[in-house]
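# Give me a model of this one.
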Amino acid sequence: MTKPLAALLVLAVAACGGSPESVAPAAENRAPAPADSVADWSEVFAAEGAVGTAVLLDAATGRTIRHAPDRAARRFTPASTSKIWNALVFLDRGVVADVDSMHAWDGVERQVSSWNRDHSLRSGVEFSALWLFQRLAGVVGQDGYAAVLAREPYGNATMSDSLEMSWLDGSLRVSADEQVVFFDRLRRGDLAFAAGHQAPVRDLLPTLAEADGARLRGKTGWGLPPGEPEIGWLVGWVERPTGDVVFAMNAEAAPGATFDVGPGRLRIVKSVLEEAGVWPAEPEGRP
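Here you go, the predicted model:
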């Protein structure tokens, strides 16, 4: 039986107070932030042959609930979830005019057919066109990234010598807790980037599902850093009339199991959101 997120937080079995990742609106004499809490969504992950973490932030109440809080605090390669952050960097450093300016494909045939054409930041996020982000990262350069990260850190704020591989080779790393903070601040326009850059980047976040007046928007990531397990990400927020809920989920295959990362990420997130009463339950026997 699903329960509203607020109820899960009250009934949660443990607290994770004192987390630096909790975000509350700045205001004088505001009420104390509610305690962060823990829920057990192991069965949701196990149904996909996975283990992982999920973090939900109810923007209306400021309450955060975590599955596997130790993992939620661990940093992993962000893979393509970093494309949202990188889009802000590209606009900030002036290497793109806007999110809809087209960039010419170099004619190199790549394994994903949708990459093999000209792309803008908008379509590059939608289709996760790796070559576009790698090319633009090279234009930003080490000094450009250093300047941005000094002003607005992202994860461990570490770019590798090969800039174009930083978010894939394990150099740049970010936790699910940090992803929630980043996406919530982007949602509110509270990052240390120009408002005129944050607004179009918010608009880049793809809509992955809609139901009963709610819209699930998110960015996927799929990484395999050297010597580490394959990891799948889905991060973003749910827009709904009663208030947004920001989320971050990462997962890997459970020992001895098979995890179909592509479709499995969204199924896990939707099931977690259903359990929390954030997303409407889908009919039995869904695909």
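
# Relative to the helix or strand hosting residue 56, what are the paired strands and their orientations?
Element membership for residue 56, per DSSP states H and E: strand 50-58. Sheet partners assigned to strand 50-58 using DSSP bridges are listed as strand 63-67 (antiparallel), strand 245-253 (antiparallel).

# Now that residue 102 has come up, it's in contact with residue 122, right?
No. Between residue 102 and residue 122 there is no contact under C-beta atoms under 8 Å: 9.8 Å. Any C-beta I mention is one placed from the backbone N, CA and C, and that applies to glycine too.

# Among the two, which residue is more densely surrounded?
Shown here are residue 102 and residue 122; by other C-beta atoms under 10 Å, residue 122 has more neighbours (19 against 12).

# Could you look up the SS state of the residue nearest the centre of the chain?
Centroid check for the chain by C-alpha atoms, centre = their mean gives residue 235 as the closest residue, at 2.5 Å. Secondary structure, DSSP: H, G, I helix; E, B strand; the rest coil: residue 235 is strand.

# Quick check: beta-bridge partners of it?
When assigned by DSSP bridges, residue 235 has beta-bridge partners residue 219, residue 248.

# list the contacts for it?
81, 176, 179-180, 183, 218-219, 221, 247-249 (C-beta atoms under 8 Å, 6 or more residues apart in numbering).

# and the gap between the closest residue to residue 194 other than its chain neighbours and residue 43?
The spatial neighbour of residue 194 that comes closest, neighbours along the chain excluded (C-beta to C-beta, 6 or more residues apart in numbering), is residue 92 at 7.1 Å. From residue 92 over to residue 43 the distance is 42 Å, taken as C-beta to C-beta, to the nearest Å.

# cool, and residue 56?
To residue 43, residue 56 is 17 Å away according to C-beta to C-beta.

# Those two: which is more packed in?
Ranked by neighbour count (other C-beta under 10 Å), residue 56 and residue 43 place residue 56 first, with 29 against 9.

# The more buried one: what's it in contact with?
5, 64-66, 180, 245-247, 272-273, 276, 278.

# do the same with residue 191
88, 152, 182, 185, 198 are the contacts of residue 191 under C-beta under 8 Å, 6+ apart.

# where's the third one, which helix or strand?
Under the criterion DSSP H and E, the helix or strand holding residue 182 is helix 176-188.

# Give me the angle between that helix and strand 50-58.
Angle, helix 176-188 to strand 50-58, by axes from the mean of the first three to the mean of the last three C-alpha atoms, to 10 degrees: 40 degrees.

# for helix 176-188, packing partners?
Here helix 176-188 touches strand 50-58, strand 63-67, helix 69-72, helix 82-92, helix 195-204, strand 231-239, strand 245-253, going by 3 or more C-beta pairs under 8 Å, 6 or more residues apart in numbering; DSSP states H and E.

# send the alpha carbons of it over as PDB?
C-alpha atoms of helix 176-188 as PDB (Å, rounded to 0.1, in the frame of the first residue of the first chain):
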ATOM      1  CA  ALA A 176      22.900  11.100  -5.000                       C
ATOM      2  CA  ASP A 177      22.600  13.600  -2.100                       C
ATOM      3  CA  GLU A 178      24.600  16.200  -4.100                       C
ATOM      4  CA  GLN A 179      22.500  15.500  -7.200                       C
ATOM      5  CA  VAL A 180      19.300  16.300  -5.300                       C
ATOM      6  CA  VAL A 181      20.800  19.600  -3.900                       C
ATOM      7  CA  PHE A 182      22.000  20.600  -7.400                       C
ATOM      8  CA  PHE A 183      18.700  19.800  -9.200                       C
ATOM      9  CA  ASP A 184      16.600  21.500  -6.500                       C
ATOM     10  CA  ARG A 185      18.700  24.600  -6.700                       C
ATOM     11  CA  LEU A 186      18.400  24.500 -10.500                       C
ATOM     12  CA  ARG A 187      14.700  24.100 -10.200                       C
ATOM     13  CA  ARG A 188      14.600  27.200  -7.900                       C
END
